[in-house]
Structures are given as C-alpha cells and as structure tokens.
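Novice: need a 3D model of the sequence below.
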Amino acid sequence: MTDRPASASASASAPAAQALAELAELLAPGRAVVAEEALFAYDDPDAYVRTHAARLDRRGIDAPIENLAWIALVDALTAQGLLAEVDWKEGGDEIRRQLRALESRPTVDPWSLAGPEDSDGTDGTDAEPLDTAAFLNEAGRLHLELGVALAVLDIESDCYPLVCFPARRAGELTPLAGRAGFYAAVLGSDDL
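Specialist: Here you go, the predicted structure:
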C-alpha cells in the first residue's frame, strides 16, 4: 500500500484530475488501481516520488516533474499488462511481440490481415522495412480493422507507450488526454 494522504482524491473534482481518472477507466476498465496511482501522483507528487522512488529512478526521475501524473498512468497501465513501451527505433518483430503480450490486444493477430506483408512491414521484396513510426501507424490501421484502437501516450521521451482499447471509444482518447494536460493519439487513422 502507498503512503497516500487522507485527501489523496481531493482534487478528483478538478477538471484535469477528472479527465485523468476518466482516461484511466477508458484504458483500464474496472481496474481502479490505475486511476488511483495517476491521481496519487497528481494530488501529492512529493509523496508519489517517495513511494515509487525505485521505479521512477529507472526513468531518471528523483523529484516531482510536470508530467508526473502521466508517467504514473503509464507505469500503472504497464503494471496491469495494458501498456507496452517500445523504443523509437524498435523493429517490427519486437513491436509485435510486445503488443501480443498486452491483455487488451485483439484476439486475432492484426498482421494476419496484412496479406503478403512480412511482420517488419515490407512486402517481402528487397524493400526497406518501415521505420518504427510508419510500422506503428500500419499496426494501428490493422488493429482498427479488428475493432481495437492502438494508441500512443506521449511521455515526451524516445519511446512509444502503446495501449489497446475498444475502437468504438477511440474518439474519446485525445480529448481526454488534452483535458488532463497531456497528449495521446490513436494510430493508423486520420479520421479520429
């Protein structure tokens, strides 16, 4: 258990905190611990940093920072098996491996819809593999075809924190993240 103050949810009525809680429910339905962690970081950043010093140290964080609640959301989603953090230069096979490990992944491998394309995003010829961003956009398009949104939660780092959630709710992601003070986007669609 964390050393949360009694008023840890006092700011839950603030618009940014409310949006953060709604975003946590969108990405981790029924898993209150995700919202609790994000709101703990929002409400009491100093206590959050003390409580999670070891985990935050791996990110180079040793004091409260502006996007601490967003980092807390990412870490809580990761702990629940709902987020994969891939490097900005990761290859297609490794990205697919990490996405397949998500509890919120589609039941069908999205790349089975890709026809003759290889898992690295090429067409099987001598073409260069897609770079990570292009691969992720293609993966997002394929996920959407299966009714699952693949999205990135931007933590202003050299990685892509990736989540899956029902595509029918994809239009909620970016506005909620914006109201919380952060940026997130569904990959593979220009319509959202």
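Novice: report the secondary structure state of Leu162.
Specialist: strand (DSSP: H, G, I helix; E, B strand; the rest coil).
Novice: tally up the residues packed near it, please.
Specialist: Burial measure for Leu162: 24 neighbouring residues, criterion other CB atoms under 10 Å. C-beta here means a position set from N, CA and C on the backbone, and glycine is covered the same way.
Novice: distance of the residue lying closest to it once chain neighbours are set aside relative to Asp62?
Specialist: Residue nearest to Leu162 in three dimensions, not counting chain neighbours: Ala84, with 4.8 Å by CB to CB, 6 or more residues apart in numbering. Separation of Ala84 from Asp62 (CB to CB, to the nearest Å): 25 Å.
Novice: next one: Leu176
Specialist: 29 Å.
Novice: for those two, indicate the residue with more neighbours.
Specialist: More crowded of Leu176 and Asp62, by other CB under 10 Å: Leu176, with 22 against 10.
Novice: so which bits of the helix or strand that contains the more buried one are buried?
Specialist: Using DSSP states H and E, Leu176 falls within helix 170-180. Neighbour-count burial for helix 170-180 flags 170, 172-174, 176-177, 179-180 (criterion: 16 or more other CB atoms under 10 Å).
Novice: quick one: which of these is nearest Ala76?
Specialist: Nearest to Ala76 among the buried residues of helix 170-180, counting by CB to CB, is Ala180 at 13.9 Å.
Novice: close enough to count as contact, the closest one and Ala72?
Specialist: No. Applying CB atoms under 8 Å as the test, Ala180 and Ala72 come out as separate, 11.5 Å apart.
Novice: helices of this protein, residue ranges please.
Specialist: Taking DSSP state H, the helices of the chain run over residues 15-27, 32-43, 45-51, 53-57, 68-79, 92-100, 132-145, 170-180.
Novice: out of the ones you listed, which one sits most buried?
Specialist: Most buried of the helices of the chain, by mean neighbour count (mean count of other CB atoms under 10 Å): helix 68-79, with a mean of 23.
Novice: residues in contact with that one?
Specialist: For helix 68-79, the surrounding residues in contact (CB atoms under 8 Å, 6 or more residues apart in numbering) are 20, 23-24, 27-28, 33-34, 36-42, 45, 48-49, 52, 55-56, 59, 61, 65, 83-85, 153, 155, 161, 163, 180-182.
Novice: can you check stretch 14-31 too?
Specialist: Contacts of stretch 14-31 (CB under 8 Å, 6+ apart): 11-12, 34-35, 38-39, 42-43, 69, 73, 76-77, 80, 82-83, 104, 163, 165, 169, 172-173, 176-181, 184.
Novice: mind listing what Arg168 touches?
Specialist: Gly147.
Novice: quick one: it from Leu82, how far?
Specialist: Arg168 is 18 Å from Leu82, by CB to CB.
Novice: distance check, Ala35 against Asn137.
Specialist: Applying CB to CB to Ala35 and Asn137 gives a distance of 29 Å.
Novice: any idea what Ala184 is bridged to?
Specialist: Leu153 (DSSP bridges).
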